[in-house]
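Undergrad: need a structure here:
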Amino acid sequence: MKKIDLKKDLRHLFNPSAKKVEIVVVPKMNFLMIDGKGDPNTSQDFKDAVEAIFGLSYTIKFIVKKSELAIDYGVMPLEGLWWTDNMSSFTIEDKSSWKWTLMIMQPEFITLDLVDKASEGLVRKKNPAALGKIRFESFVEGKSAQVMHIGPFSEEGPTVKLVHKFIKENGSEIRGKHHEIYLSDIRKGDPARWKTVIRQPFK
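TA: Okay, the predicted model is just below:
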């Protein structure tokens, strides 16, 4: 059986420095995606979305492992795009008006047929509440600035400002949505050691 480590292969995208902001060019990749709105700390829709997108990602993984492809790979980390209708008022402190898209990147050999097959299997087993809201599509981010934030989500503010300052000092403008990639399992471990990639596309 072939084994692949996507996080290792894409290390430059998923393991940036925690000491300095870096520029990356993020290529077109395929994702499971689900949209919602509201404070992720209190929203039931957010909890349902997380359950469904991880459930589907792991179901796809197990199908691929047992299929003719016979490939074993680690499910990629949860990612989030975050924004408000007026991005000038976007703030880490007040999340009540946030809109979000949760995403998990899928290997390039994953097809819509595989996603549909996995969805049908997951319906029979658990049928997560938000499963029907998930879509499978490509996403390209292009030139972006990113840095690793180490610590709880509540302390991300200065890190986000650091990325924005870097972009402006390089004579560029922020574009697109605030992007986070969650590398730590927040159900266990010290929040002071959580690792989150903070990414912001720019032009």
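Undergrad: Strands along this protein, start to end?
TA: With strands called from DSSP state E, the chain shows them at 2-4, 22-26, 29-37, 71-73, 78-83, 99-106, 135-139, 142-150, 178-182, 195-201.
Undergrad: got these as CSV, with mean pLDDT columns?
TA: Formatted as CSV, the strands of the chain follow (pLDDT from 0 to 100):
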stretch, mean pLDDT
strand 2-4, 93
strand 22-26, 97
strand 29-37, 97
strand 71-73, 96
strand 78-83, 95
strand 99-106, 97
strand 135-139, 97
strand 142-150, 97
strand 178-182, 96
strand 195-201, 97
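Undergrad: Make CSV from these and add mean neighbour count to it.
TA: In this view, the C-beta of every residue, glycine as well, is placed from N, C-alpha and C. Shown next, in CSV, are the strands of the chain (neighbours: other C-beta atoms under 10 Å):
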stretch, mean neighbour count
strand 2-4, 10
strand 22-26, 15
strand 29-37, 19
strand 71-73, 16
strand 78-83, 19
strand 99-106, 22
strand 135-139, 13
strand 142-150, 20
strand 178-182, 21
strand 195-201, 21
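Undergrad: Show me the one of the ones you listed that comes nearest Leu56.
TA: Ranking these by distance to Leu56, with C-beta to C-beta as the measure, places strand 29-37 first at 5.9 Å.
Undergrad: Give me the residues contacting that closest one.
TA: Contacting residues not belonging to strand 29-37 are listed as 43, 45-46, 49, 52-53, 56-57, 79, 97-106, 108, 110, 115, 130, 133-140 [C-beta atoms under 8 Å, 6 or more residues apart in numbering].
Undergrad: same deal with stretch 67-81?
TA: 1-7, 14, 31, 40, 50, 53-54, 57-58, 61, 64-65, 100-107, 109, 177-183.
Undergrad: Can you give me the first-to-last residue distance of it?
TA: 32 Å (C-alpha to C-alpha, to the nearest Å).
Undergrad: Please compute how far it lies from its chain's middle.
TA: Here stretch 67-81 shows a centroid-to-chain-centroid distance of 13 Å under the convention C-alpha atoms, centre = their mean, to the nearest Å.
Undergrad: Check stretch 112-120 too.
TA: 20 Å.
Undergrad: Can I get that stretch in PDB? Just the C-alpha atoms.
TA: Extracted as PDB, the C-alpha positions of stretch 112-120 are listed here (Å, rounded to 0.1, in the frame of the first residue of the first chain):
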ATOM      1  CA  LEU A 112     -16.600  14.000  -6.900                       C
ATOM      2  CA  ASP A 113     -17.700  10.400  -7.400                       C
ATOM      3  CA  LEU A 114     -15.600   9.300  -4.400                       C
ATOM      4  CA  VAL A 115     -17.100  12.200  -2.300                       C
ATOM      5  CA  ASP A 116     -20.600  11.200  -3.300                       C
ATOM      6  CA  LYS A 117     -19.900   7.500  -2.400                       C
ATOM      7  CA  ALA A 118     -18.500   8.500   1.000                       C
ATOM      8  CA  SER A 119     -21.500  10.800   1.600                       C
ATOM      9  CA  GLU A 120     -23.900   8.000   1.000                       C
END
